[in-house]
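> Sequence and predicted model, in that order:
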Amino acid sequence: MSNYTKLKWYRFDIARRIRALDGEELIAELEEIIEEIKRKKLDRLGVFKVQIRELEQLIENEKAQPKRKGRQYDPFYIPYGGDGRVALFGLSNVGKSSLMNAITNAEVATGDYLNTTRQALAGTCVYENVKIQIIDLPGFLDFKEDWNISKQILRVARTCDSILLVIDLSMDVERQYNFLIKQLENARLIKDRETIYKFAIIATKGDLPCTEESFKKLKAMTDLAVCPISMKNKDSLDRLKKMLFETLNVVRVYTKKPKNQPDMEHPLVLPKGSTVKDVALKLHKDFLKFFNYARIWGKSCDFPGQRVGVGHTLEDEDIVEISTSQK
Ligand SMILES: Nc1nc2c(ncn2[C@@H]2O[C@H](COP(=O)(O)OP(=O)(O)OP(=O)(O)O)[C@@H](O)[C@H]2O)c(=O)[nH]1
Ligand SMILES: [Mg+2]
């Protein structure tokens, strides 16, 4: 393998390691990568010397950042992390934070009173190697309009790939649903009820009495997917994770180097309908320039190892090997 190809794969790995980081975490990871290059004595090669300089520059840039950020703390600002981002959008006390604690690595406060959560909080839910960033938000209060907080909630929701309407089955489901849809319409996040697609409903507290009836009522009211859950039922939480993954509308693509095993733990997560070209672009810009063909294993091909061109559309869990004219 030429030094240049070695660097290409190394850069792919670096990008994967740092894409969800910022601030102190990013600086620490970049320093670790530089150390690693030196430990492996790769810095003897000219191309890696240039790479180290680039990483040092990234550290300098990041060190210059916090002062700017630090001046104005924004309790609703959360850097994008993971392969997709979803917001928990619901009235106060419906169980958003309990849900967050149950399916992510986060530990946030919950309580049987209104307004427990007062800022945006993030956690990561892992579903089959896909990291879904979940944003827990303060709840709306439907009897008292809290304009400032509503505005902030909607601002965060707009940055998400999908919005989950969290509806408490032990309360009036019709009132909750209409209220949430109205908020989304007012904020122009929904323009036409018929064409909504990035939304789904989580129906909570399914263990409480009479909630089955509410669930049927809610299902009859909407075309959106509704996932009933209860903190007391682990299976329902597993089904929810699957639904979160499905609302993201993405495919997982595993890459492999020629003559190597595929990396089955770190898929590239791309929008549904992505092609070999999108994979090449994500790996390295030169992959497209020197592209020969790709070989595919998985649902999108007729037989394992089929050769395809850049326009080939990939399916979930395909394995892709790109062959370039640069060795
Ligand atoms: N029985 C039952 N109670 C639940 C369930 N999920 C949450 N709760 C209770 O509902 C109450 C409110 O839960 P939270 O998770 O704090 O609700 P929230 O939506 O985050 O509330 P805000 O932060 O005020 O918007 C708590 O007392 C929880 O214990 C559930 O599945 N079943
Ligand atoms: Mg909460």
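Looks like it came in fine. Residues are numbered from 1 along each chain as shown. Ligands and ions are numbered 1, 2, ... in the order given.
> From here on, just use CA atoms for contacts and neighbour counts.
OK.
> Please report how far Gly246 lies from His284.
One correction, residue 246 is Glu, not Gly. Distance from Glu246 to His284, counting by Cα to Cα, to the nearest Å: 27 Å.
> Report the buried residues of stretch 244-257.
Residues Leu244, Phe245, Thr247, Leu248, Asn249, Val250, Val251, Arg252, Val253, Tyr254, Thr255, Lys256 are the ones in stretch 244-257 that count as buried (16 or more other Cα atoms under 10 Å).
> Surely the fourth one is in contact with Leu164?
No. Leu248 is beyond contact range of Leu164, at 11.1 Å (criterion: Cα atoms under 8 Å).
> Could you report the neighbour count for Val308?
Residues within reach of Val308, counting by other Cα atoms under 10 Å, total 17.
> what about it, distance to Ser323?
Taken as Cα to Cα, the span from Val308 to Ser323 is 11 Å.
> any common contacting residues for the two?
Common contacts of Val308 and Ser323 (Cα atoms under 8 Å, 6 or more residues apart in numbering): Tyr293, Ala294, Arg295.
> Please name the nearest non-neighbouring residue to the second one.
Meaning Ala294. Spatially, and ignoring its direct neighbours in sequence, Ala294 is nearest to Ile322 (4.4 Å; Cα to Cα, 6 or more residues apart in numbering).
> Spit out the contact partners of the one you found.
By Cα under 8 Å, 6+ apart, Ile322 lies in contact with Lys256, Lys257, Pro258, Ala280, Phe287, Phe291, Asn292, Tyr293, Ala294, Arg295.
> who touches the nearest residue to Leu121 once chain neighbours are set aside in this structure?
Excluding its sequence neighbours, the residue lying closest to Leu121 (Cα to Cα, 6+ apart) is Asp136, at 5.1 Å. Taking Cα under 8 Å, 6+ apart, we find Asp136 in contact with Ala87, Leu88, Phe89, Lys96, Ser97, Met100, Ala120, Leu121, Ala122.
> how about 10 Å then?
86-90, 96-101, 106, 108, 117-123, 153, 156 (Cα atoms under 10 Å, 6 or more residues apart in numbering).
> where along the stretch 201-327 of the chain do the strands fall?
Assigned by DSSP state E, counting those that start in this stretch, the stretch 201-327 of the chain shows strands spanning 226-228, 250-256, 268-271, 291-297, 306-308, 318-324.
> Burial check on Pro79, number of neighbours?
10.
> in this protein, which segments are predicted with low confidence?
Across the chain, the ranges flagged by pLDDT under 70 are 20, 66-72, 142-147, 191-197, 327.
> Give me every residue in it lying close to ligand 2.
Residues of the chain lying close to ligand 2 (Cα under 5 Å from the ion) are Ser97, Thr117.
> Show me how the record splits the chain into domains.
Per automatic domain parsing, the structural domains of the chain span 1-71, 84-248, 251-327.
> Relative to Tyr77, which of the ones you listed is closest?
domain 84-248 (7.3 Å; Cα to Cα).
> now the end-to-end length of the closest one.
Terminal residues of domain 84-248 are spaced 7 Å apart (Cα to Cα).
> Ok, stretch 260-274 next?
End-to-end span of stretch 260-274 (Cα to Cα): 24 Å.
> Closest to ligand 2 out of the contacts of Ile322?
Within these, the smallest distance to ligand 2 is 40.9 Å, found for Ala280 (Cα to the ion).
> What residues does that closest one make contact with?
Contacts for Ala280 (Cα under 10 Å, 6+ apart) come out as Asp286, Phe287, Leu288, Lys289, Phe291, Ala294, Val310, Val320, Glu321, Ile322.
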